[in-house]
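return atomic coordinates for the entry below.
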Amino acid sequence: MLTSAVVLLIAASLDYIIGDPWGWPHPVRVMGWLINHFTQFALHKWSSPQVRRLLGIFLGLGLIIGSGFVGWVIIQGCYQIKFFLGIAAESVLLASCFAGRSLRTAAMDVLQPLQAGDIIMARSRLSQYVGRDTENLSEPEILRAVLETVTENATDGVMAPLFYALVGLPVFGSGYPLFLPLAYKAASTLDSMVGYREEPYTNLGWFSARVEDILTWLPCRLTVITLALLSGKPQKVWQICLRDAIKDPSPNSGWSECAYAAILGVQLGGTNWYRGVAKHKPLLGDPIYAITPESIHQALRLTRYCFLTWLAIAVISNKVFFNNR
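Numbering: from 1, shown residues only. So this is what the prediction gives:
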């Protein structure tokens with residue numbers, strides 16, 4: 001159990017300091033390559049909705065279970081070779097499941113030209129991170145898009161992988177908590193690539209979307225509760241989430257975004273354009289303040305505090321367990 005605490009601390013430090021350097025090998029790139037090739041093959045070969053739904057189940061289960069199992073085998077092999085090699089490999093793989101620094105980097109990548117007055121560059125960079133049309137966005141709309149991206153991905157990109165790493169400790173024992181966060185990362189990657197209601201992914205991606213919703217449900221609610229407690233106004237935050245988050249068609253992203261909106265006193269949601277088609281999202285929170293770059297920095301800090309809170313609880317719990325053995 002002490003080994004697992006060390007791995008968690010190293011992985012969290014690696015994500016905070018280094019993140020995911022561009023061009024370095026990354027499990028998500030491997031997952032994305034497999035998803036892309038399987039999807040192209042399946043869509044080209046079969047047009048039957050029923051067959052595509054079955055293939056979607058095969059793709060989802062295969063990648064989720066396979067990713068966790070492959071990671072577990074790699075770590076086991078490294079521990080067999082040398083103990084410290086196992087710690088190093090497990091720490092690096094676990095760090096790759098966290099996206100805290102990646103979120104900060106993406107936000108700063110857009111904010112930098114925006115604050116310098118180059119709105120065209122800000123729009124261009126934003127288009128790399130969001131699916132909405134960015135060509136005609138105003139400065140307030142760009143800021144809203146960045147804040148929505150940061151707050152939505154705080155759960156599935158940062159807190160949920162940590163949650164499954166912590167759950168993996170008692171499930172798989174000391175030294176091997178990696179199966180669940182890698183499996184969750186596969187589910188999240190599947191959802192982002194094929195989990196759409198629109199064709200051609202309607203049938204192929206339905207299973208992946210549903211599984212990701214289920215796996216994210218509990219860590220999302222725990223994240224909202226933690227954020228509400230950290231804000232010092234838990235009742236108000238929870239009331240706003242009960243009022244607004246339930247209107248969002250997503251069972252999780254609305255809750256995550258709404259919690260941050262309630263704490264920051266801003267309003268998220270509204271009309272977005274996708275390939276020239278307007279899509280109206282429910283309004284989340286109250287527009288007490290305008291969204292500013294500082295709002296985005298505050299949201300990033302809240303995510304970091306939430307992450308550190310869970311990490312501290314895990315490490316202290318491990319220490320207590322270790323001392324009482």
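
give me the three-state assignment for K281.
Using DSSP: H, G, I helix; E, B strand; the rest coil, the structure places K281 in strand.

nearest residue to it other than its sequence neighbours?
Once flanking residues are discounted, K281 sits nearest to G269: 4.3 Å by C-beta to C-beta, 6 or more residues apart in numbering. Placement of C-beta: from N, CA and C, glycine included.

report pLDDT for that neighbour.
What the model reports as pLDDT for G269 is 95.

list the contacts for it?
148, 248, 257, 281-284 (C-beta atoms under 8 Å, 6 or more residues apart in numbering).

next one: the helix or strand it falls within to chain centre, how far?
In this assignment (DSSP states H and E), G269 forms part of strand 268-274. Relative to the centre of its chain, strand 268-274 is centred 20 Å away, using C-alpha atoms, centre = their mean, to the nearest Å.

which residue ranges of the stretch 101-250 of the chain form helices?
Assigned by DSSP state H, counting those that start in this stretch, the helices in the stretch 101-250 of the chain fall at 119-126, 139-154, 160-172, 179-194, 206-231, 234-244.

of those helices, flag the one that's most buried.
helix 179-194 (a mean of 25; mean count of other C-beta atoms under 10 Å).

pLDDT of it, averaged?
On average, helix 179-194 scores 93.

ok, the closest residue to E257 other than its chain neighbours - contacts?
The shortest distance from E257 to any non-neighbouring residue, by C-beta to C-beta, 6+ apart, is to T151 (4.6 Å). Neighbouring residues of T151 by C-beta under 8 Å, 6+ apart: 256-257, 259-261, 268, 299.

out of those, who's nearest D244?
Taking C-beta to C-beta as the measure, D244 lies nearest A261 of these, at 7.9 Å.

do you know how far that closest one is from L147?
For A261, the distance to L147 (C-beta to C-beta, to the nearest Å) stands at 8 Å.

find residues that contact each of those two.
Common neighbours of A261 and L147 (C-beta under 8 Å, 6+ apart) are L268.

which helix or strand in the protein has the lowest average pLDDT?
helix 160-172 (a mean of 80; mean pLDDT, DSSP states H and E).

that's all I had, so thanks and see you.
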